[in-house]
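Participant: I would like to see how this sequence folds:
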Amino acid sequence: MINKMTEQQEKAIQYIDSPLLIVAGPGTGKTRVLIEKIKYLIENGFDPNRIIVSTFTIKAAEELKDRLRAQLGDKVESMQISTIHSFCHKMLQSFPEYHNFGNIFDVFGELDQFLYVNRNYWNYGLKEYANEINVEELINFYNKCTENNVDPNELIKYYEENNPSKLGLAIAKSYKIYLDSLLDPNDTKLDYALLQREFYLLLQKNPDVLKIVREMYDYILIDEYQDTNPIQDAIFKIISDPKYKITVVGDEDQSIYGFRGASINNFRTFLDRYQNAEKLELEENFRSNKEIVRCFDTFMRPNRTFKKTIFTNNPEFSKPILIIGESPEEEAENICQFIQKLVSDHSVGYEDIAILFKSVRYHSSFIIDEFDRNSIPTITIGDSSLLTKDEIKDTLIFLAYLNSYEFNDYQKKWLFDHNIFESEYLGL
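Facilitator: Next up, the predicted model:
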């Protein structure tokens, strides 16, 4: 049986008078509220084809579509429910006469971008700094510059005047070369950040296009608003102006993508930037037991801009345990000791234990290394690019030998940074 909506959920669903910020704590039913709000809009005269629903991931968009399709049927098929990247891609294709890309151009996903930069950054004036360059960090720098609409010439000027590091200046100059290579009129390639920037500039520089896009949509809903970046917020703001029929849903407690360029400032300043904006909180957690909710709320309360109290009517279960350390190494040791105690003293299997990270790629290395030292078996998901895994490097090396392929200096550095004789293939 589906739980009855709470009073706050009902208010969030039915409020459409002005811009609305829904502060949705974890487990408070925000997806259900989004679905019910879309239904409410359609039932009250809004054309489903004139509603934008922006989600953070493709998976979230598909889940929303599936759940809406079950309740609304075919009305959902032509609705704009997608990631911001997909929306920008569609819009750029819709106005080919206003930019240099035409209506067919390559779009780089994250792996495509990694492969492209990994293959080409030596040509960006960075060859002498190869030993100091981390390709993923370089890509993050490029993306943040693009998402903040940084002028590459101004960036170079800033580094020349304020940053004594030769490497820093070289990276700043490399950003301009990277952009020029992607925006080559004869072979245009747009990464996700450029998709957004180019669509924003299209709207900003072409009043007639902006007018058309504004007239295409009557309402905007944005999920995971705390994880939007500056250019994404600028896009939605310029489209929703002057009607400002917009609802954003998010929670500053759950902002985890700052390392990717997300700006929690979008969320925290929404009420100041949108005229007559209202705020509603979803505070009842339906997912967790009382101890988890109390622990979480106590921990997060001092760090919030918007005051709220997360609570639950679920029963008690067991008390959480807090494991800390004075350093990442000590924390890893303490976690390792705790797991060993669970296994030896409480009949827990390694396969029954999961460790969740804010980012596996950036924050798991100390714990994984400690597990290796203590022979704790692990399966790690999402720790790095496919191409950085030893077994992939070993495979590439073997294939190269089979085909008498000659490695260049960069490929040697990248592929031979580990001992192939310790490969699982050789079993030595």
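
Participant: helix/strand/coil for I238?
Facilitator: On the three-state scheme (DSSP: H, G, I helix; E, B strand; the rest coil), I238 is labelled helix.

Participant: gap between G349 and R373?
Facilitator: From G349 over to R373 the distance is 20 Å, taken as CB to CB, to the nearest Å. Where you see a C-beta, it was placed from the backbone N, CA and C, and this is true even at glycine.

Participant: What of L92?
Facilitator: The span separating L92 from R373 equals 50 Å under the rule CB to CB.

Participant: In terms of neighbours, single out the busier of these two.
Facilitator: Set side by side, L92 and R373 give different neighbour counts by other CB atoms under 10 Å, the larger being at L92 (23 against 11).

Participant: so that one, which of the three states?
Facilitator: helix.

Participant: mind starting the numbering at 593 from now?
Facilitator: From this message on, residue numbering opens at 593, which makes the last subject L684.

Participant: Identify the residue spatially nearest to it, adjacent ones excluded.
Facilitator: For L684, the nearest residue in space outside its immediate sequence neighbours is F791; the separation is 5.6 Å by CB to CB, 6 or more residues apart in numbering.

Participant: Confirm that that neighbour sits in a helix.
Facilitator: Yes: counting by three-state DSSP, F791 is part of a helix.

Participant: How many residues are close by it?
Facilitator: Counted with other CB under 10 Å, the neighbours of F791 add up to 25.

Participant: how about it, what does it touch?
Facilitator: C680, M683, L684, I827 (CB atoms under 8 Å, 6 or more residues apart in numbering).

Participant: Spatially, what comes nearest to the last one if we skip its sequence neighbours?
Facilitator: Pointing back at I827 there. The shortest distance from I827 to any non-neighbouring residue, by CB to CB, 6+ apart, is to Y792 (5.2 Å).

Participant: show me what contacts that neighbour?
Facilitator: When contacts are counted by CB under 8 Å, 6+ apart, Y792 touches N741, I823, A826, I827, I830.

Participant: Over to D845?
Facilitator: If you count contacts by CB under 8 Å, 6+ apart, D845 has them with G617, P618, F888, M892, N895, R896.

Participant: how about a cut-off of 7 Å?
Facilitator: For D845, the contact set (CB atoms under 7 Å, 6 or more residues apart in numbering) comprises G617, P618, M892, R896.

Participant: can you check D815 too?
Facilitator: L626, S646, T647, F648, A652, V841.

Participant: of those, closest to Q600?
Facilitator: Nearest to Q600 out of the contacts of D815 is V841 (CB to CB; 12.8 Å).

Participant: can you pull the buried residues of stretch 959-974?
Facilitator: Residues I959, I960, E962, F963, I968 are the ones in stretch 959-974 that count as buried (16 or more other CB atoms under 10 Å).

Participant: Need the per-residue pLDDT for the third one.
Facilitator: Predicted confidence (pLDDT) for E962: 95.

Participant: What segments of the stretch 843-992 of the chain are strands?
Facilitator: 870-874 (DSSP state E, counting those that start in this stretch).

Participant: close enough to count as contact, I627 and L660?
Facilitator: Yes: counting by CB atoms under 7 Å, I627 sits close enough to L660 to count as a contact (5.9 Å).
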